[in-house]
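In: here you go, sequence then predicted model.
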Amino acid sequence: MLQLEIPEREWFDEKTQEFIVCQKRVLQLEHSLLSISKWESKWKKPFLGKDDKRTYEESADYIRCMTINTQSDPYFYKALPRLVFTKVKEYIDDPMTATTFRNRRSGGKSGKKETVTSELVYYWMTKFGIPMECEKWHFNRLMTLIRICEIKENAGQKMKRSDIYANNKALNAANKARFKSKG
């Protein structure tokens, strides 16, 4: 969980032509599948993926979706300080686990990329028997668990020939560098 203290602030709302004052507050945020699901329900587009360029309004709304303590003031998220967005991005990018993976794609599936939405992640949770309570975990930690489940499920399967060649090529390059040889 990320906890941020938002100082009191005042700004002019162009639409209502009035000054707005928001009191100092403490936000408790959680980047979770539940937060992503709420955001996707409103904006009708995937939160994850290459095309994750969001408007200020969409980004502020994701912070609203991440909030686990209640904020009833509708103006509160309209003028968040830039530092809040920076800290939220750092929190979202934090892996939240000590688990690491080799570069090889898990599961030996083809290189076809699919759009990952909250419903797909819920499917994976169901497929692997992950309890629904985990939707409140930090999202990166949940995705690590799903990836581990996928790797363990496919552990007895043979590697694809192209994966074997890529793995051997990487090992050969590392050995050449290590032993300072040309092959």
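Out: Yep, that arrived. Numbering: from 1, shown residues only.
In: from now on I want contacts and neighbour counts done on CA atoms only, so please keep to that.
Out: OK.
In: which strands and helices lie in contact with the longest helix along the chain?
Out: Longest helix in the chain by number of residues (criterion: DSSP state H): helix 161-179. For helix 161-179, the contact count by 3 or more C-alpha pairs under 8 Å, 6 or more residues apart in numbering; DSSP states H and E identifies no helix or strand as a packing neighbour.
In: can I see the domain layout of this protein?
Out: Annotated domains of the chain cover 2-93, 106-179 [automatic domain parsing].
In: closest to Thr99 out of those?
Out: In terms of C-alpha to C-alpha, the element of those nearest to Thr99 is domain 106-179, at 7.5 Å.
In: now that closest one: average pLDDT?
Out: Mean pLDDT, domain 106-179: 81.
In: so how far is that domain from its chain's centroid?
Out: 16 Å (C-alpha atoms, centre = their mean, to the nearest Å).
In: and the helices in the protein, which stretches?
Out: Ranges of helices within the chain are 33-43, 56-66, 82-93, 118-127, 139-153, 161-179, based on DSSP H.
In: JSON lines please, covering those helices and showing mean neighbour count and distance to Glu5.
Out: Below are these laid out as JSON lines (neighbours: other C-alpha atoms under 10 Å; distance: least, C-alpha to C-alpha, whole Å):
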{"stretch": "helix 33-43", "mean neighbour count": "19", "distance to Glu5": "20"}
{"stretch": "helix 56-66", "mean neighbour count": "19", "distance to Glu5": "14"}
{"stretch": "helix 82-93", "mean neighbour count": "14", "distance to Glu5": "9"}
{"stretch": "helix 118-127", "mean neighbour count": "16", "distance to Glu5": "29"}
{"stretch": "helix 139-153", "mean neighbour count": "18", "distance to Glu5": "22"}
{"stretch": "helix 161-179", "mean neighbour count": "12", "distance to Glu5": "47"}
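In: re the thing from before, would you list the domains of the chain in a markdown table and tack on distance to Thr99?
Out: A markdown table is the format used below for the domains of the chain (distance: least, C-alpha to C-alpha, whole Å):
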| stretch | distance to Thr99 |
| --- | --- |
| domain 2-93 | 15 |
| domain 106-179 | 8 |
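In: closest to Thr100 out of those domains?
Out: domain 106-179 (8.7 Å).
In: and Lys45, its phi and psi?
Out: phi -150, psi 160 (degrees, to the nearest 10).
In: quick one: it from Thr115, how far?
Out: Using C-alpha to C-alpha, to the nearest Å, Lys45 is found at 10 Å from Thr115.
In: now swap in Asp94 and tell me
Out: Taking C-alpha to C-alpha, one finds Asp94 at 22 Å from Thr115.
In: what of Ile20?
Out: Ile20 sits 39 Å away from Thr115, going by C-alpha to C-alpha.
In: the more surrounded of the two?
Out: It is Ile20, of Ile20 and Thr115, that has more neighbours when counted by other C-alpha atoms under 10 Å, with 15 against 10.
In: quick check, pLDDT for that one.
Out: 84.
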